[in-house]
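In: Sequence first, then the predicted structure, then my questions.
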Amino acid sequence: MTMLKLGALVDDRPVRLTIELPAAIHRDLTAYADVLARETGTKTEPTKLIAPMLARFMASDRAFAKARRAKAQPSGDGDGST
């Protein structure tokens, strides 16, 4: 059994984006959707894979997580003492 990074997709309210992809990436998305369909038994349109793949990529990017945490912390070195 193949260990894909994506599992079955959850239905979520989408935000519509229009993007252009190189043909090779579209072919790979289509192939990934085919493998995922064999794994899960549920056919998925290749375009539906883009959002979860991006989410998975960002979730596993340590530098992004660090930068995001740094941005969320209040700036300055005020510790409340005077």
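Out: Yep, that arrived. Residues are numbered from 1 along each chain as shown.
In: Identify the single longest helix in the protein, thanks.
Out: In the chain, assigned by DSSP state H, the helix with the most residues is helix 23-40.
In: immediately after that one, which helix or strand?
Out: helix 50-59 (DSSP states H and E).
In: pull the CA atoms of that next one into PDB?
Out: Presented in PDB, the C-alpha positions along helix 50-59 are these (Å, rounded to 0.1, in the frame of the first residue of the first chain):
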ATOM      1  CA  ILE A  50      -4.200  21.700  -4.600                       C
ATOM      2  CA  ALA A  51      -5.500  23.200  -1.300                       C
ATOM      3  CA  PRO A  52      -4.700  20.200   0.900                       C
ATOM      4  CA  MET A  53      -1.300  19.900  -0.700                       C
ATOM      5  CA  LEU A  54      -0.500  23.500   0.000                       C
ATOM      6  CA  ALA A  55      -1.800  23.200   3.500                       C
ATOM      7  CA  ARG A  56       0.300  20.100   4.100                       C
ATOM      8  CA  PHE A  57       3.400  21.900   2.600                       C
ATOM      9  CA  MET A  58       2.900  25.000   4.800                       C
ATOM     10  CA  ALA A  59       2.200  22.900   7.900                       C
END
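In: centre of the chain versus the helix or strand that comes right after it, how much separation?
Out: Per DSSP H and E, the first helix or strand lying C-terminal to helix 50-59 is helix 62-72. Computed by CA atoms, centre = their mean, to the nearest Å, the chain-centroid distance of helix 62-72 equals 16 Å.
In: and what of stretch 4-13?
Out: 10 Å.
In: So for it, what gets flagged as buried?
Out: L6 (16 or more other CB atoms under 10 Å). For glycine as for every other residue, the C-beta is placed from the backbone atoms N, C-alpha and C.
In: State the pLDDT value of the most centrally placed residue in the chain.
Out: Closest to where the C-alpha atoms of the chain average out (CA atoms, centre = their mean) is A55, at 2.0 Å. If you check A55, the pLDDT there is 90.
In: switch to numbering from 842
Out: Done: numbering now begins at 842, and the last item shifts to A896.
In: Name the residues that touch the helix or strand of the chain with the lowest mean pLDDT?
Out: The helix or strand of the chain with the poorest confidence is helix 903-913; it has a mean of 86 (mean pLDDT, DSSP states H and E). Residues outside helix 903-913 that contact it (CB atoms under 8 Å, 6 or more residues apart in numbering): 899-900.
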